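Student: Sequence and predicted structure below; questions after.
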Amino acid sequence: MNQAAIHWSDLPIPGLACGAYPERRASPRANAIELPLACRLAWDRLRALDDRRRNASFVRCVHAELATLREMPAEAREADVVALRHALRREGLAARRAAQAIAHAALACEQTFGHGLYDTQIIAARIVLDNRLAEMATGEGKTLAVAVAAAAAALAGIPVHVITANDYLVARDAETLQAFYARLGLTVGAVTQPLEVAPRRAAYAQDITYCTAKELVFDYLRDGVSLERDPLRWRIRQIVGAGADLPVLRGLCMAIVDEADSILIDEARVPFVLSKPTGNAQQRDYLAQSLVLAAELRDCVHFLVDGGSKSVRLTAAGHAHLDQRTAALGALWHNRMHRDEAIVMALSALHLYRCERHYLVRDDKIVIIDETTGRVAPGRAWSRGLHQLIELKESCEPSAPLVTAAQITYQRFFPRFMRLGGVSGTLRESRAELSGLYGLSVRKVPLRRPSRRRVLPTRLFPDHASLWTAVAERAAGLQAAGRAVLIGTDSVADAHQLSERLTQAGLAHSVLSARQDGDEAGVVARAGEPGQITVATNMAGRGTDIPLGDGVAGRGGLHVLSCQLNASRRIDRQLAGRCARQGEPGSVETWLSSQTPLLQTSLRHMPAGWLLRLPGRVVRALAYLQQRSEERSQAIQRRRLMEHDRQTDRQLSFGGPVE
C-alpha cells in the first residue's frame with residue numbers, strides 16, 4: 001500500500017493534515033441511521049461469514065512475526081520498533097503492519113507479565129483497530145486486548161483515549177500496564193476526578209490516556225467553551241506560549257471504549273452539562289416554596305405517580321388546589337405553566353427519588369448514585385432545579401442554581417472521534433442500535449475455553465424480608481461448603497438490609513456499595529476466598545475480576561446469587577459474568593422479591609397467592625418480557641433524541657453542530 005492510498009482520517013494525528021484538534025464534525029456515522037437498518041444488519045451478517053477465515057489468517061501472521069522477533073537480539077528489536085513506527089506513519093494500520101505491531105505488543109506482554117497473548121485477544125485487538133466492537137466474554141482478557149489495540153495505534157502516532165467504567169479501573173489499568181507500554185517506547189497517562197488542569201493536560205499529552213467517559217466529555221466541553229475550538233487561535237497561543245489558554249485535549253483522534261454498551265447505550269441519553277452558578281436568591285426561595293406546596297398534595301387525589309416512567313402528573317383537583325393556594329403569593333406564582341412545572345419537579349423530588357437508591361447524603365451534600373454502575377458520581381447534578389429540591393428535602397444547604405454553558409450527550413459525542421472501537425461482554429442485544437446510532441458493527445470473539453457456568457432455577461419470594469432470610473440461609477450453606485459467594489442487590493438500601501440480616505445470622509461478610517466503597521480493591525481481592533460472602537450493588541458488575549482463592553475451584557468456584565432485576569438484561573448478564581471465568585467452574589441463580597420494582601409493573605394484576613406458586617422458568621420469562629419492553633422503550637427514546645439532534649444540526653448547519 002502506498003502513501004497516496006492512506007486517507008488522513010485513517011491516521012488522525014494533530015498536525016497539518018488533521019489540524020491542531022482533530023475531530024469528525026460531519027460524521028459519516030451520522031448518516032448511517034438514514035439507510036434501511038435491515039440492509040445494514042444483513043450486510044454485517046454476510047461480512048461475518050468471512051471473519052473466521054480472516055481471523056485465522058491474521059493470527060497466523062502475528063505468530064509468524066512473533067517467532068521472528070523472538071530470534072532477534074534486543075538491540076535489533078528496538079530498531080525494528082522504530083522502523084515499524086515510521087512504516088505505520090506511511091502506510092497506516094493495514095493488516096500486515098497491524099500484525100507486526102500486535103506481534104511487538106505480544107512480545108512486550110511476555111516480557112512484562114510472563115505470559116503471551118491468547119489468539120482470542122489478538123482477534124479482539126484486530127476488531128477494535130478496524131473501528132468495530134468486539135463482543136468478548138467476561139474473563140477472557142479484555143483489558144489486555146484493549147491495551148494491545150491501543151499500543152498498535154499509538155505506535156502509528158495516533159493519540160489514543162482508552163475509556164473505562166470508573167476511576168478505580170482508570171488508575172488500576174494505567175498503573176498495571178505502564179511497564180508493558182514502556183517496553184514499546186510508549187507513555188501512558190491517567191485522568192481521574194480530582195486532577196487539576198495542568199496535570200490533566202500532561203496526562204492527555206501521553207501516547208495513551210486512560211480516563212472515564214465523563215471526564216473526557218467535560219474536558220471536551222471546557223475546551224469548546226474556553227477556546228471555541230478555533231484551530232488558528234490555538235496555533236497562535238501555542239506559538240506565543242499562552243499555556244493556560246491551551247486546550248486540555250489533543251482532539252478526538254481515537255477512542256477505545258471498554259464496556260462499550262454501558263456507555264454507548266445505557267448512558268447514551270444522559271446530558272452532560274457544563275454549568276456555572278447564578279447566585280439567584282429569588283430562584284432558591286421559589287424552589288423552597290414549591291417543596292412546601294408539593295408536600296401538601298395527596299397521592300391519587302392531587303397527583304399521580306408512574307414509577308415505571310419516573311414521571312408525575314397533576315390531576316384536575318391538583319390544579320384547582322394550586323390555583324387556590326398560589327392566589328395570594330407573588331407574581332412569580334401567577335404563571336401557571338412555570339408553577340406547575342416547579343410543583344411537578346418538587347413532587348418528583350419527594351416521591352420518585354430515594355436516599356440510598358438514587359443518591360447519598362455526604363457532608364451535607366447530595367451525591368448522585370449512577371444507577372447503571374452503582375457508584376457515586378461526584379460533581380454530577382440534576383438539572384431544572386431538581387438537585388436543589390432534593391437538597392431542601394434532605395435539609396441540606398441548597399447549592400446555587402446553575403445556568404448551562406454547554407452540554408452534549410454520549411450519542412452525539414462519540415461519533416465525533418476520527419476512529420472509534422470498543423469491547424464488551426454484552427453486545428448482542430444491542431447490535432441493531434449500535435449499528436443504527438453509531439455505524440458500529442459487532443463481531444463476536446470465540447471463547448478460549450468452553451464455559452462451565454451452571455445456571456440454577458429462578459425463585460420468587462413474597463417480600464424482601466422473606467427473601468433476605470432465605471438468602472442468609474443459602475449463604476450460610478455455601479460458606480460452610482467452602483464456596484465463595486457474591487450477592488448482588490438492587491440498591492444501597494437493599495445491600496444494607498441484607499448486611500444486617502447476615503450479621504444477625506452470625507455470618508461474616510463484606511459489603512461493596514456507593515456508601516461503603518473505601519476499600520473496593522481489598523473487597524474485590526478477598527471476594528473469591530473460601531467461605532467469603534460479599535454483598536454488592538452493581539459496583540461488582542462491569543470490570544470486576546474476582547480471582548478464586550486456594551481450593552475454591554475444586555469446591556465449585558464462585559457462586560453468584562442475584563437479588564436484583566435491572567431494566568436491561570445486559571446488566572444482569574454482567575453480574576453473572578463474575579463467575580466461571582476463563583473455563584473455571586461457577587454457578588449463578590436469581591432470587592427475587594415480588595416487591596422488586598420491575599416485577600411489580602408486570603405482576604401487579606396477579607393475585608399474590610398465584611405469584612408464589614409460579615415455576616421459576618415462568619418468573620424468568622415474565623421478567624424477560626418486562627426487560628424487553630423496557631429496552632424497546634429506551635431504544636425508541638434514544639432514536640428520537642438522535643433524530644432531533646440531527647435535525648437541529650441540519651437546521652443550524654451554518655453555525656456548525658450545536659453543543
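Tutor: Right, received. Where do you want to start?
Student: quick check: mean pLDDT across stretch 162-180?
Tutor: Averaging pLDDT along stretch 162-180 yields 93.
Student: do the same with stretch 335-354
Tutor: For stretch 335-354, the per-residue pLDDT averages 93.
Student: ok, now stretch 376-389?
Tutor: Stretch 376-389 comes out at a mean pLDDT of 83.
Student: List the buried residues in it.
Tutor: Going by neighbour count (16 or more other CB atoms under 10 Å), the buried part of stretch 376-389 is 376, 377, 380, 381, 382, 385, 386, 387, 388, 389. For glycine as for every other residue, the C-beta is placed from the backbone atoms N, C-alpha and C.
Student: try stretch 490-504
Tutor: Buried-residue list, stretch 490-504, by 16+ other CB under 10 Å: 490, 491, 492, 493, 494, 495, 496, 497, 498, 499, 501, 502.
Student: next one: stretch 394-407
Tutor: Buried, per 16+ other CB under 10 Å, within stretch 394-407: 396, 398, 401, 402, 406, 407.
Student: so after whatever helix or strand the last one lives in, what's the next helix or strand?
Tutor: Spelled out, it's residue 407. Per DSSP states H and E, residue 407 falls inside strand 402-408. Reading on from strand 402-408 to the C-terminus, the next helix or strand found by DSSP H and E is helix 410-413.
Student: Next up, the contacts around residue 502.
Tutor: 472, 475, 509, 533, 535 (CB atoms under 8 Å, 6 or more residues apart in numbering).
Student: Filter those residues down to the ones in helices?
Tutor: Judged by DSSP state H, the subset of the contacts of residue 502 located in helices is 472, 475.
Student: ok, and the most crowded of the contacts of residue 502?
Tutor: Per-residue neighbour counts (other CB atoms under 10 Å) across the contacts of residue 502 peak at residue 535, which has 29 neighbours.
Student: hang on, that one packs against residue 510?
Tutor: Yes. Counting by CB atoms under 8 Å, residue 510 is a contact partner of residue 535 at 7.2 Å.
Student: quick one on the thing from earlier: would you check which pair of the buried residues of stretch 376-389 lies furthest apart?
Tutor: 376 and 385 (21.5 Å; CB to CB).
Student: What about residue 146, how many residues nearby?
Tutor: 29.
Student: repeat for the one 3 residues further on
Tutor: Other residues near residue 149 number 32, with proximity taken as other CB under 10 Å.
Student: ok, it - contacts?
Tutor: Going by CB under 8 Å, 6+ apart, the list of residues near residue 149 reads 124, 125, 126, 128, 129, 256, 421.
Student: from the contacts of residue 502, which single one is nearest residue 19?
Tutor: Out of the contacts of residue 502, the member with the shortest distance to residue 19 (by CB to CB) is residue 535, at 50.6 Å.
Student: And that closest one, how far from residue 498?
Tutor: Per CB to CB, to the nearest Å, residue 535 is found 5 Å from residue 498.
Student: shared neighbours of the two, which are they?
Tutor: 487, 489.
Student: circling back to that earlier point, out of the buried residues of stretch 490-504, the closest to residue 521 would be?
Tutor: Of the buried residues of stretch 490-504, the one sitting nearest to residue 521 (CB to CB) turns out to be residue 495, at 18.3 Å.
Student: if I pick that closest one, what's in contact with it?
Tutor: Per CB under 8 Å, 6+ apart, neighbours of residue 495: 489, 511, 513, 535, 536, 537.
Student: Now do the SS call for it.
Tutor: The three-state label given to residue 495 by DSSP: H, G, I helix; E, B strand; the rest coil is helix.
Student: roughly how far apart are it and residue 534?
Tutor: For residue 495 relative to residue 534 (CB to CB), the value is 10 Å.
Student: what sits in contact with each of the two?
Tutor: residue 511.
Student: How is the protein partitioned into domains?
Tutor: 3-263+410-444, 279-400, 452-617 (automatic domain parsing).
Student: Now that we have these, can you turn them into CSV and tack on distance to residue 631?
Tutor: Below are the domains of the chain laid out as CSV (distance: least, CB to CB, whole Å):
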stretch, distance to residue 631
domain 3-263+410-444, 7
domain 279-400, 13
domain 452-617, 6
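Student: No further questions, thank you.
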